[in-house]
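J.: build the 3D model from these lines:
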Amino acid sequence: MDRLSVNLCGIKLDNPVIPASGTFGYGYEFAEIYDINCLGTFSFKGTTKDPRFGNPTPRIAECTAGMINAVGLQNPGVDKVIAEELPKLKACFHKPVMANVSGFSVEDYAYTCERLDKEEQVGWLEVNVSCPNVHGGGMSFGTSPEAAAEVTRAVKKVTQKPVIIKLSPNVTDIVSIAKACEDAGADGISLINTLLGMRIDLRTKKPIIKNTMGGFSGPAIFPVALRMVYQVAHAVKIPVVGMGGVSTAEDVIEMMLAGATAVEVGAQNLVNPTACKEIIENLPAVMDQYHINSLNEIIGGVKNG
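T.: Take a look at the predicted model:
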């Protein structure tokens, strides 16, 4: 019996474990450590239309049970990703890969997604709507149901592959945003992106991060992520990819019980480069411990009351 397999937007995954964008590069760096084909898939580094150097340093700060980053979407731009990164990725990963896309205007998103949609190895487009809308006053696309829906519609018009919208947790009502994306044609929802956090250096009395604030990730955010996955999964009919503080096989099962079809692992890859491999290896024993025959059968299986 294929105990670990799941179906994400019509594509079979051997298991639900997916390294999250920004924590796994383009895969080939980790392929030097272990055979990354054991993964369900992975979401490669966030890609924008044009090259980005990213934010000034320092842009990483440690904190209790997590980290804060303000890398700033550093990447070589979609043309170079297609010409240089995807061929190297293809040499070491033989499954469909998830392309993570960021943008600063609706036109940026549509252009980049249309380019990546044509790439044979890309299985899904994960569209990060946590970026600031340069034409909308700088507020993130993901803070407004209307703006998130506008991006979704624009991307769906120019793509054929499944579009998964990645949502920010830094909002008042994440359910309304998820439902707006579903109504606009999204094939799936992934959440949560990082929370907003900061640290202060007591010696200098200045923020540790040059950008002052950054994305807070790691095990400390898991309960918040689990709550939001549960809320969204029970409000939409499309698949949900859960993430946020996942670091063990038990966390994966908990996310799936909350309603996630697949589960992304982020900051843990930076702490332990073989984290995803170990989680996959540990899943069967944890399933046995909790009398779970198949992961596919537990999606959304949390009992209320």
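
J.: output the longest helix belonging to this structure.
T.: helix 275-289 (DSSP state H).

J.: now tell me what touches that helix from outside.
T.: The set of residues that contact helix 275-289 without belonging to it, under CB atoms under 8 Å, 6 or more residues apart in numbering, is 3-4, 15, 17-19, 34, 38-39, 42, 247-250, 252-253, 265, 268-269, 272, 293, 295. From N, CA and C alone the C-beta is placed, and that goes for glycine too.

J.: in PyMOL, select just the buried ones from these.
T.: Per 16 or more other CB atoms under 10 Å, the buried members of those correspond to this PyMOL selection:
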select buried, resi 4+15+17+18+19+39+42+247+248+249+252+253+265+268+269+295
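
J.: so which of the contacts of helix 275-289 are in strands?
T.: Secondary structure from DSSP state E places V17, I18, P19, V265 of the contacts of helix 275-289 in strands.

J.: in helices only, show me the contacts of helix 275-289.
T.: A249, E250, V252, I253, Q268, N269.

J.: can you list the low-confidence ranges for the stretch 1-150 of the chain?
T.: Scanning the stretch 1-150 of the chain for pLDDT under 70 picks out 1, 132-139.

J.: ok, which stretches of it are helices?
T.: Counting by DSSP state H, counting those that start in this stretch, residue ranges of the helices within the stretch 1-150 of the chain are 28-31, 78-80, 86-92, 106-117, 145-157.

J.: buried residues, the third one. List them.
T.: By that I understand helix 86-92. Within helix 86-92, the residues that qualify as buried are L86, L89, C92, counting by 16+ other CB under 10 Å.

J.: Y26 is in contact with the last one, correct?
T.: Spelled out, that is C92. No. Contact criterion CB atoms under 8 Å: C92 and Y26 do not qualify, at 9.4 Å.

J.: what is in contact with the two at once?
T.: With the criterion set as CB under 8 Å, 6+ apart, the contacts of C92 and Y26 do not overlap.

J.: residues touching G218, list them.
T.: By CB under 8 Å, 6+ apart, the contact list for G218 reads C63, A65, G66, M67, G245, A267, Q268.

J.: and the residues you listed, which of them are in strands?
T.: Counting by DSSP E, the part of the contacts of G218 found in strands is C63, G66, M67.
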